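In: predicted model and sequence below, questions to follow.
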Amino acid sequence: MNIGILPLISCAVSFIFALAVFDQFLTRKQPYQLIWAIGLLMYSVGTGAEFWVEAWGLNQVVYRLWYLSGAIYAASFLGMGTLYLLVRRRIAHVIMAFLMLASIYAAVRVFSAGVDISHLESLSGVAMPQTIRLLTPFFNTFGTVALVGGAIYSALVYWRRRVKPHRVLSNILIAFGAILPAFGGLHIRISGTINLFYVFELLGIIIIFIGFLRSNEVFSSYRFPFINRLRKMPAE
């Protein structure tokens, strides 16, 4: 199997996932659903950039998109969405304000930095200036801890209360799926190769999606995104 096809599958899964969560946001208007949808869209952009590189080669724009959306934004916005579920709304708003300011700063730095990709044999953050690379752990640590920690906390709460056991399993799946891309990123840093990261990345988003689908908190009446809305539109 051509390993380069895995990012395309990850891109498709995360994009469908993002549409489904955004469709729920349009119905329920909950902030966590909008933030999750943004995080999932960033996951899709990042994995789409990986597929582009595997299929057509690396260029400056794709490299910067990959680094910003995949290495910085995806985990942090998914984690932020979880915080909107677990902490008081006022506190979540304050954290979100800091995240937005940091995200704008990161975007300016990533797209204005001098980057030499001529020596890269595969996708890696080494072409970015060290000052920008130092930003990445803050975003990723924040997002991964919030997403994984929030899922584990929720699982423990449901388990201790002996209510809704399906949510215990769904949150365990979300926590496990969120850890996999982090392990993949660590593998890139250690080995300098990206192939195994593609595997972790795909397994991670699939397992998270399954966990969300099992959770009535997010999908109490799951449907294919926007189909019902299209059916309600008046005929011309």
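Out: Received, thanks. Residues are numbered from 1 along each chain as shown.

In: who's in contact with the most centrally placed residue in the chain?
Out: Geometric centre of the chain, nearest residue: Ala74, 3.7 Å, by C-alpha atoms, centre = their mean. For Ala74, the contact set (C-beta atoms under 8 Å, 6 or more residues apart in numbering) comprises Gly39, Leu40, Met42, Tyr43, Gly46, Gly143. Where you see a C-beta, it was placed from the backbone N, CA and C, and this is true even at glycine.

In: I'd guessed the fourth one sits against Trp66; true?
Out: This means Tyr43. No - in this structure Tyr43 lies outside contact range of Trp66 using C-beta atoms under 8 Å: 11.5 Å.

In: compare these two (neighbour count), which wins?
Out: Taking neighbours as other C-beta atoms under 10 Å, Tyr43 and Trp66 compare with Tyr43 leading, 29 against 22.

In: re earlier: so where does the residue nearest to the centre of the chain fall, helix or strand?
Out: helix 74-86 (DSSP states H and E).

In: next secondary structure after that helix?
Out: As assigned by DSSP H and E, the chain's next helix or strand after helix 74-86 is helix 89-112.

In: before we move on, back to that, any figure for the gap between the residue nearest to the centre of the chain and Ser118?
Out: Here the criterion is C-beta to C-beta, to the nearest Å. By it, Ala74 lies 27 Å from Ser118.

In: can you find the helix or strand of the protein with the lowest average pLDDT?
Out: helix 227-232 (a mean of 50; mean pLDDT, DSSP states H and E).

In: in the chain, which spans are helices?
Out: 6-28, 31-56, 60-65, 74-86, 89-112, 130-133, 136-161, 165-191, 195-214, 227-232 (DSSP state H).

In: so what's the gap between the fifth one and the chain middle?
Out: Helix 89-112 has its average C-alpha position 16 Å from the chain's average C-alpha position, going by C-alpha atoms, centre = their mean, to the nearest Å.

In: which residues are contacting it?
Out: Outside helix 89-112, the residues that reach it (C-beta under 8 Å, 6+ apart) are 31, 35, 64, 67-68, 72-73, 76-77, 80, 83-84, 87, 128, 131-132, 135, 138-139, 142.

In: from the chain's centroid, how far away is stretch 68-85?
Out: Using C-alpha atoms, centre = their mean, the offset of stretch 68-85 from its chain centre is 6 Å.

In: with stretch 171-184 instead?
Out: 11 Å.

In: same question for stretch 63-77.
Out: Using C-alpha atoms, centre = their mean, the offset of stretch 63-77 from its chain centre is 9 Å.

In: now do that stretch, average pLDDT.
Out: Mean pLDDT, stretch 63-77: 95.

In: now stretch 122-137
Out: On average, stretch 122-137 scores 88.

In: ends of that stretch, what's the gap?
Out: Chord length of stretch 122-137, first to last residue, is 20 Å (C-alpha to C-alpha, to the nearest Å).

In: check which residues of it are buried.
Out: Leu123, Ser124, Gly125, Ala127, Met128, Ile132, Leu135, Thr136 (16 or more other C-beta atoms under 10 Å).
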